[in-house]
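Trainee: Sequence first, then the predicted structure:
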Amino acid sequence: MIILMTSAILLMFPALVAMLSGAVYYAFSDLLGMFCEKLRNAQSFVVDYKVVMGLFQNYNDFSKMAHDVEKLLSSTSFLLLCSQWLNLYVVLVTYVMVDNKSFTTVHTWECIPRLILAPLTITILVFCASRVSSQVYKMRNHLRSIYNNLDYNIETLHLVKKMIKTEVPQMTACSILSLKPVLILSLFGSVLTYGLLVLSIRKSESAITR
(Lines give C-alpha, C1' and ligand atoms only; values in the text may rest on other atoms or scores of the structure.)
Protein backbone atom coordinates (compact mmCIF):
# COMPACT_ATOMS: atom_id res chain seq x y z
CA MET A 1 0.00 0.00 0.00
CA ILE A 2 2.82 2.40 0.92
CA ILE A 3 4.61 1.55 -2.32
CA LEU A 4 1.47 2.28 -4.34
CA MET A 5 0.92 5.59 -2.57
CA THR A 6 4.54 6.60 -3.09
CA SER A 7 4.33 5.66 -6.76
CA ALA A 8 1.09 7.64 -7.16
CA ILE A 9 2.66 10.72 -5.55
CA LEU A 10 5.72 10.48 -7.78
CA LEU A 11 3.49 10.26 -10.85
CA MET A 12 1.07 12.99 -9.77
CA PHE A 13 3.68 15.52 -8.64
CA PRO A 14 5.01 16.31 -12.16
CA ALA A 15 1.42 16.66 -13.39
CA LEU A 16 0.70 19.13 -10.58
CA VAL A 17 3.85 21.13 -11.35
CA ALA A 18 2.88 21.15 -15.04
CA MET A 19 -0.57 22.50 -14.17
CA LEU A 20 0.93 25.29 -12.04
CA SER A 21 3.47 26.16 -14.74
CA GLY A 22 0.74 26.05 -17.36
CA ALA A 23 -1.37 28.41 -15.24
CA VAL A 24 1.49 30.94 -15.19
CA TYR A 25 1.96 30.67 -18.96
CA TYR A 26 -1.80 30.97 -19.51
CA ALA A 27 -2.18 34.02 -17.25
CA PHE A 28 0.75 35.76 -18.94
CA SER A 29 -0.66 35.00 -22.39
CA ASP A 30 -3.97 36.57 -21.31
CA LEU A 31 -2.10 39.75 -20.33
CA LEU A 32 -0.41 39.78 -23.72
CA GLY A 33 -3.80 39.19 -25.33
CA MET A 34 -5.21 42.33 -23.68
CA PHE A 35 -2.22 44.31 -24.93
CA CYS A 36 -2.76 42.86 -28.42
CA GLU A 37 -6.34 44.11 -28.29
CA LYS A 38 -5.01 47.53 -27.34
CA LEU A 39 -2.68 47.49 -30.34
CA ARG A 40 -5.46 46.32 -32.64
CA ASN A 41 -7.70 49.17 -31.51
CA ALA A 42 -4.85 51.63 -32.04
CA GLN A 43 -4.87 50.77 -35.74
CA SER A 44 -8.37 52.19 -36.20
CA PHE A 45 -7.54 55.82 -35.32
CA VAL A 46 -4.73 58.29 -35.83
CA VAL A 47 -2.04 57.48 -33.26
CA ASP A 48 -0.22 60.45 -31.75
CA TYR A 49 3.09 60.49 -29.92
CA LYS A 50 1.59 60.24 -26.41
CA VAL A 51 -0.38 57.11 -27.31
CA VAL A 52 2.66 55.48 -28.90
CA MET A 53 4.78 56.38 -25.87
CA GLY A 54 2.24 54.64 -23.61
CA LEU A 55 2.28 51.58 -25.87
CA PHE A 56 6.08 51.67 -25.88
CA GLN A 57 6.25 51.62 -22.07
CA ASN A 58 3.72 48.78 -21.90
CA TYR A 59 5.64 46.84 -24.52
CA ASN A 60 8.90 47.17 -22.57
CA ASP A 61 7.16 46.01 -19.40
CA PHE A 62 5.77 42.94 -21.15
CA SER A 63 9.15 42.20 -22.70
CA LYS A 64 10.76 42.22 -19.24
CA MET A 65 7.94 40.03 -17.89
CA ALA A 66 8.47 37.57 -20.74
CA HIS A 67 12.17 37.33 -19.85
CA ASP A 68 11.24 36.73 -16.21
CA VAL A 69 8.69 34.02 -17.06
CA GLU A 70 11.14 32.33 -19.42
CA LYS A 71 13.89 32.43 -16.79
CA LEU A 72 11.54 31.14 -14.08
CA LEU A 73 9.95 28.22 -15.94
CA SER A 74 12.46 27.24 -18.63
CA SER A 75 14.38 24.71 -16.51
CA THR A 76 11.20 23.38 -14.92
CA SER A 77 9.64 22.84 -18.35
CA PHE A 78 12.73 21.00 -19.56
CA LEU A 79 12.75 18.66 -16.55
CA LEU A 80 9.01 18.02 -16.91
CA LEU A 81 9.30 17.18 -20.60
CA CYS A 82 12.26 14.87 -19.99
CA SER A 83 10.57 13.08 -17.08
CA GLN A 84 7.29 12.54 -18.94
CA TRP A 85 9.05 11.44 -22.10
CA LEU A 86 11.01 8.99 -19.95
CA ASN A 87 7.74 7.71 -18.47
CA LEU A 88 6.49 6.80 -21.92
CA TYR A 89 9.71 4.94 -22.68
CA VAL A 90 9.48 3.11 -19.35
CA VAL A 91 6.15 1.72 -20.53
CA LEU A 92 7.77 0.62 -23.80
CA VAL A 93 10.70 -1.00 -22.00
CA THR A 94 8.31 -2.77 -19.62
CA TYR A 95 6.37 -4.12 -22.57
CA VAL A 96 9.58 -5.33 -24.24
CA MET A 97 11.32 -6.82 -21.22
CA VAL A 98 8.34 -8.46 -19.50
CA ASP A 99 6.96 -11.56 -21.15
CA ASN A 100 3.21 -11.71 -21.79
CA LYS A 101 2.80 -14.56 -19.30
CA SER A 102 4.70 -12.60 -16.65
CA PHE A 103 2.76 -9.38 -17.25
CA THR A 104 0.71 -9.04 -14.07
CA THR A 105 -1.84 -6.60 -12.67
CA VAL A 106 1.00 -4.77 -10.92
CA HIS A 107 2.63 -4.03 -14.28
CA THR A 108 -0.72 -2.88 -15.64
CA TRP A 109 -1.28 -0.44 -12.79
CA GLU A 110 2.31 0.74 -13.19
CA CYS A 111 1.93 1.46 -16.90
CA ILE A 112 -1.61 2.86 -17.20
CA PRO A 113 -1.03 6.00 -15.05
CA ARG A 114 2.15 6.72 -16.98
CA LEU A 115 0.33 6.37 -20.31
CA ILE A 116 -2.41 8.75 -19.15
CA LEU A 117 -0.47 11.36 -17.18
CA ALA A 118 2.61 11.70 -19.40
CA PRO A 119 0.77 12.81 -22.59
CA LEU A 120 -1.60 14.95 -20.53
CA THR A 121 1.26 16.70 -18.72
CA ILE A 122 3.18 17.38 -21.94
CA THR A 123 0.07 18.65 -23.75
CA ILE A 124 -0.99 21.00 -20.94
CA LEU A 125 2.48 22.50 -20.56
CA VAL A 126 3.17 22.99 -24.27
CA PHE A 127 -0.34 24.24 -25.10
CA CYS A 128 -0.28 26.93 -22.39
CA ALA A 129 3.28 28.02 -23.26
CA SER A 130 2.47 28.15 -26.98
CA ARG A 131 -0.28 30.71 -26.29
CA VAL A 132 2.46 33.15 -25.27
CA SER A 133 4.26 32.69 -28.59
CA SER A 134 0.97 33.11 -30.44
CA GLN A 135 0.23 36.42 -28.70
CA VAL A 136 3.78 37.67 -29.35
CA TYR A 137 3.31 36.91 -33.06
CA LYS A 138 0.03 38.89 -33.07
CA MET A 139 1.68 41.78 -31.24
CA ARG A 140 4.39 42.08 -33.86
CA ASN A 141 1.84 41.98 -36.70
CA HIS A 142 -0.21 44.76 -35.07
CA LEU A 143 2.93 46.86 -34.57
CA ARG A 144 3.85 46.49 -38.24
CA SER A 145 0.34 47.58 -39.23
CA ILE A 146 0.58 50.63 -36.96
CA TYR A 147 3.99 51.47 -38.42
CA ASN A 148 2.71 51.25 -41.99
CA ASN A 149 -0.36 53.40 -41.24
CA LEU A 150 1.45 56.15 -39.32
CA ASP A 151 1.79 59.64 -40.72
CA TYR A 152 5.35 60.72 -41.23
CA ASN A 153 6.48 61.66 -37.73
CA ILE A 154 10.09 60.83 -36.96
CA GLU A 155 9.69 60.46 -33.19
CA THR A 156 6.55 58.32 -33.42
CA LEU A 157 7.99 56.14 -36.18
CA HIS A 158 11.17 55.71 -34.16
CA LEU A 159 9.24 54.43 -31.13
CA VAL A 160 7.19 51.95 -33.15
CA LYS A 161 10.29 50.75 -35.00
CA LYS A 162 12.07 50.29 -31.68
CA MET A 163 9.19 48.12 -30.43
CA ILE A 164 9.32 46.01 -33.58
CA LYS A 165 13.07 45.49 -33.16
CA THR A 166 12.79 44.66 -29.45
CA GLU A 167 12.63 40.89 -29.22
CA VAL A 168 10.15 39.32 -26.84
CA PRO A 169 11.58 35.90 -25.93
CA GLN A 170 9.82 32.72 -26.99
CA MET A 171 8.95 30.25 -24.28
CA THR A 172 11.49 27.40 -24.37
CA ALA A 173 12.73 24.48 -22.33
CA CYS A 174 16.29 25.51 -21.38
CA SER A 175 16.60 27.21 -24.79
CA ILE A 176 16.79 23.70 -26.30
CA LEU A 177 13.16 23.00 -27.17
CA SER A 178 10.70 25.63 -28.33
CA LEU A 179 7.38 25.14 -26.54
CA LYS A 180 5.09 25.08 -29.57
CA PRO A 181 2.41 22.56 -30.69
CA VAL A 182 4.83 20.99 -33.18
CA LEU A 183 6.86 19.78 -30.18
CA ILE A 184 3.92 17.61 -29.07
CA LEU A 185 3.80 15.97 -32.49
CA SER A 186 7.55 15.35 -32.55
CA LEU A 187 7.64 13.87 -29.02
CA PHE A 188 4.66 11.60 -29.50
CA GLY A 189 5.80 10.77 -33.02
CA SER A 190 9.15 9.52 -31.77
CA VAL A 191 7.46 7.40 -29.08
CA LEU A 192 5.01 6.01 -31.64
CA THR A 193 7.87 5.19 -34.02
CA TYR A 194 9.76 3.30 -31.32
CA GLY A 195 6.53 1.62 -30.25
CA LEU A 196 5.88 0.32 -33.76
CA LEU A 197 9.50 -0.81 -33.97
CA VAL A 198 9.12 -2.71 -30.70
CA LEU A 199 5.92 -4.37 -31.93
CA SER A 200 7.59 -5.50 -35.14
CA ILE A 201 10.57 -6.89 -33.20
CA ARG A 202 8.30 -8.80 -30.84
CA LYS A 203 6.31 -10.23 -33.73
CA SER A 204 9.53 -11.31 -35.43
CA GLU A 205 10.77 -12.96 -32.23
CA SER A 206 7.49 -14.79 -31.69
CA ALA A 207 7.53 -15.99 -35.30
CA ILE A 208 11.10 -17.32 -34.90
CA THR A 209 10.32 -19.14 -31.65
CA ARG A 210 7.41 -20.90 -33.30
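Mentor: Happy to help now that I have it.
Trainee: Setting the sequence-adjacent residues aside, check what's closest to Ala42.
Mentor: Closest residue in space to Ala42, ignoring its immediate chain neighbours: Ile146 at 5.9 Å, by C-beta to C-beta, 6 or more residues apart in numbering. For glycine as for every other residue, the C-beta is placed from the backbone atoms N, C-alpha and C.
Trainee: helix/strand/coil for the one you found?
Mentor: At Ile146 the chain is in helix, as set by DSSP: H, G, I helix; E, B strand; the rest coil.
Trainee: Tell me who's in contact with it.
Mentor: Ile146 is in contact with 39, 42-43, 47, 52, 160, counting by C-beta atoms under 8 Å, 6 or more residues apart in numbering.
Trainee: Check Val191 too.
Mentor: Per C-beta under 8 Å, 6+ apart, neighbours of Val191: 85, 88-89, 92.
Trainee: Go through the contacts of Ile146 and flag which are in helices.
Mentor: Of these, the ones assigned to helices by DSSP state H are 39, 42, 52, 160.
Trainee: quick revisit: can you select the buried ones among the contacts of Ile146 for me in PyMOL?
Mentor: A single PyMOL command selects the buried members of those (16 or more other C-beta atoms under 10 Å):
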select buried, resi 39+42+47+52+160
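Trainee: Give me the buried positions along the lowest-mean-pLDDT helix or strand in the chain.
Mentor: Least confident helix or strand of the chain, by mean pLDDT, DSSP states H and E, is helix 181-209 with a mean of 74. Neighbour-count burial for helix 181-209, counted by 16+ other C-beta under 10 Å, picks out 183-184, 187-188, 191, 195.
Trainee: Stretch 18-34 too?
Mentor: 18, 21-22, 24-25, 28-29, 32-33.
Trainee: Of these, which belong to helices?
Mentor: 18, 21-22, 24-25, 28-29, 32-33.
Trainee: closest to Phe56 among the residues you listed?
Mentor: Checking those against Phe56 by C-beta to C-beta gives Leu32 as the nearest, at 15.6 Å.
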